[in-house]
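Asker: kindly generate the corresponding structure for this input.
(one chain, ligands or ions: 2)
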Amino acid sequence: MRTERPDAPAVVDAYADRVAAYVHIPFCRRLCPYCDFAVQVGGDLDGYVGALLVEIAADDPFARPLDAIYVGGGTPTSLAAVRLGEIVAALAERFGLAPDAEVSIEANPEDLDPGTAGDLREAGFNRISLGVQSLDPAVLRALGRAHDPDQAVAALAACRQAFPTVNADLIFGTPGDAGWESSVRGVLDSGIDHLSVYALTVERGTALSRAVASGAPAPDPDDQADAYLLAQSVAEAAGLVRYETSNYALPGYACAYNLITWAQGEYAAFGNGAHRHRGGVRSWNIRRVDRYVERLQTGASAVSNQEHLVGWDREVERVLLGLRRAAGVATGRAGAALLASPAGERLLAAGVIAADDHRLWVAQPLLGDEVAREVLALAPSEC
Ligand SMILES: C[S@@+](CC[C@H](N)C(=O)[O-])C[C@H]1O[C@@H](n2cnc3c(N)ncnc32)[C@H](O)[C@@H]1O
Ligand code: SF4
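Answerer: Ligands and ions are numbered 1, 2, ... in the order given. Modelled structure (predicted):
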């Protein structure tokens, strides 16, 4: 039986030494009005996979085999399972894969029938994350989704049959969402072991932001706070543990890939717009799909830019990432500087953050952004 609690400090801190690989698949059937990821409708799928395989083969292995692979998007299930399996096999060949490695894929409900779920499992994936978003038909329409609630429930059942670990993504705070509690209960009833809940965010440059600018209702922060707390109580009553601002898991089912990134661990990344963290450097690939493919085809690097994370900046980032976790973060220089600052004293007195002799954590996750702003505003400190 899996028992590891993902809100235990010793459990989450261990991920700092583990390593992962992310693969971005940018293709979608259509563009959701709220989405600002590096995606496009259709394209040269074979050319893109070819470029990915070149990029993977040219990268340097870590000192240890991969503990996690995450194939995200976009809509990875735009590719046939056999092609996705080739990508996993290429990663395993180049980097090695730990025997207990997590191998995750994101999928959209309209693509997931029992046959496809079985094919993905056979292709090497052992965790699937389904973009359900809502089980309310009006909300799914408002979000411009291609699936309806019945398809989502059927897809969850297919995933449950085929996979040892199943996540559902939900979006809360869509204006007019009267079915939020039913959505949360519905996905939990399907037997998922992991749940991600995201506040609908109006990203600049999206169709949603243009609609809001033209008078469509924007998400209401108070409604979103209520929805967040409701999800928390329903998920926790079902035995899931909140281990990050937006993420819940049954003990033993936390997402290893996410835990590596929040522990400031190292990860390789492949595909257009993909971000990596290796050897103290954060770098990211060119965003446009055609230019990404062209670069790989001509033997050029796909990296568009990079930043060296050293000294105080690295320490501040460690605390910012670590504070997203329920277990918080070892206090260190930046944590000590926060606690010693007027803002830190105020946040502590108000119960927004909490601390013991070694650690600091956010006690009111709804105010996590305010805490992050104060951490970013800290002056470099030697304490
Ligand atoms: C990049 S998407 C990929 C998953 C898949 N293509 C899908 O849409 O189901 C990953 C998740 O991010 C979340 N997401 C994307 N844009 C968002 C936004 N503007 N506000 C809130 N959540 C968002 C959704 O829950 C989505 O499932
Ligand atoms: S939300 Fe998912 S399906 Fe929709 S455009 Fe973004 S990546 Fe594609």
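
Asker: got any ranges where this protein has weak pLDDT?
Answerer: Residues of the chain that meet the criterion pLDDT under 70 lie in 381-383.

Asker: contact residues of it facing ligand 1?
Answerer: Along the chain, the residues adjacent to ligand 1 under the rule C-beta under 6 Å from any ligand atom are 34-35, 37, 73, 75, 106, 108, 131, 133, 169, 171, 198, 200-201, 203. Glycine gets a C-beta too; all of them are placed from N, C-alpha and C.

Asker: ok, the closest residue to residue 367 other than its chain neighbours - contacts?
Answerer: Nearest-residue entry for residue 367: residue 352, 4.9 Å, with adjacent residues in sequence omitted and distances by C-beta to C-beta, 6 or more residues apart in numbering. Counting by C-beta atoms under 8 Å, 6 or more residues apart in numbering, residue 352 touches 362, 363, 364, 367, 370, 371.

Asker: of the residues you listed, which belong to strands?
Answerer: residue 362 (DSSP state E).

Asker: all helices for the stretch 101-250 of the chain, in order.
Answerer: Secondary structure of the stretch 101-250 of the chain, counting by DSSP state H, counting those that start in this stretch: helices at 114-122, 137-142, 149-162, 180-189, 207-213, 221-237.

Asker: which strands and helices sit next to the second one?
Answerer: Looking back up the chat, that one is helix 137-142. Helices and strands in packing contact with helix 137-142 are not found; criterion 3 or more C-beta pairs under 8 Å, 6 or more residues apart in numbering; DSSP states H and E.

Asker: same thing but 10 Å
Answerer: Counting contacts by 3 or more C-beta pairs under 10 Å, 6 or more residues apart in numbering; DSSP states H and E, helix 137-142 is packed against strand 127-133, helix 149-162, strand 165-172, helix 180-189.

Asker: mind giving me the packing neighbours of the third one?
Answerer: Spelled out, that is strand 165-172. Using 3+ C-beta pairs under 10 Å, 6+ apart, the elements in contact with strand 165-172 are strand 97-107, strand 127-133, helix 137-142, helix 149-162, helix 180-189, strand 194-199, helix 221-237, strand 247-249.

Asker: go with 8 Å
Answerer: Checked by 3+ C-beta pairs under 8 Å, 6+ apart, strand 165-172 has strand 127-133, helix 149-162, helix 180-189, strand 194-199, helix 221-237 packed alongside it.

Asker: now the shortest one
Answerer: Contacts of strand 127-133 with other secondary structure elements, assessed using 3+ C-beta pairs under 8 Å, 6+ apart, are made with strand 97-107, helix 149-162, strand 165-172.

Asker: near ligand 2, which residues of the stretch 1-150 of the chain? Just list them.
Answerer: Contact residues, the stretch 1-150 of the chain versus ligand 2 (C-beta under 6 Å from any ligand atom): 28, 31, 32, 35, 37, 39, 73, 74, 75, 108, 131.

Asker: can you give me the neighbour number for the first one?
Answerer: Taking other C-beta atoms under 10 Å as the neighbour definition, residue 28 ends up with a count of 20.

Asker: what do you get for residue 125?
Answerer: Residue crowding around residue 125 was assessed by other C-beta under 10 Å; the count is 25.

Asker: then residue 162?
Answerer: By other C-beta under 10 Å, the residues close to residue 162 number 21.

Asker: do you know how far it is from residue 112?
Answerer: Counting by C-beta to C-beta, to the nearest Å, the separation of residue 162 from residue 112 is 9 Å.

Asker: got the contact list for the spatially closest residue to residue 241 that is not a sequence neighbour?
Answerer: For residue 241, ignoring the flanking residues on the chain, the nearest one in space by C-beta to C-beta, 6+ apart is residue 7 at 5.4 Å. Going by C-beta under 8 Å, 6+ apart, residue 7 touches 241, 242, 243, 325, 326, 327.

Asker: now render those as CSV, adding neighbour count.
Answerer: Written out in CSV, the entries for the contacts of residue 7 read as follows (neighbours: other C-beta atoms under 10 Å):
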residue, neighbour count
241, 18
242, 20
243, 26
325, 27
326, 22
327, 21
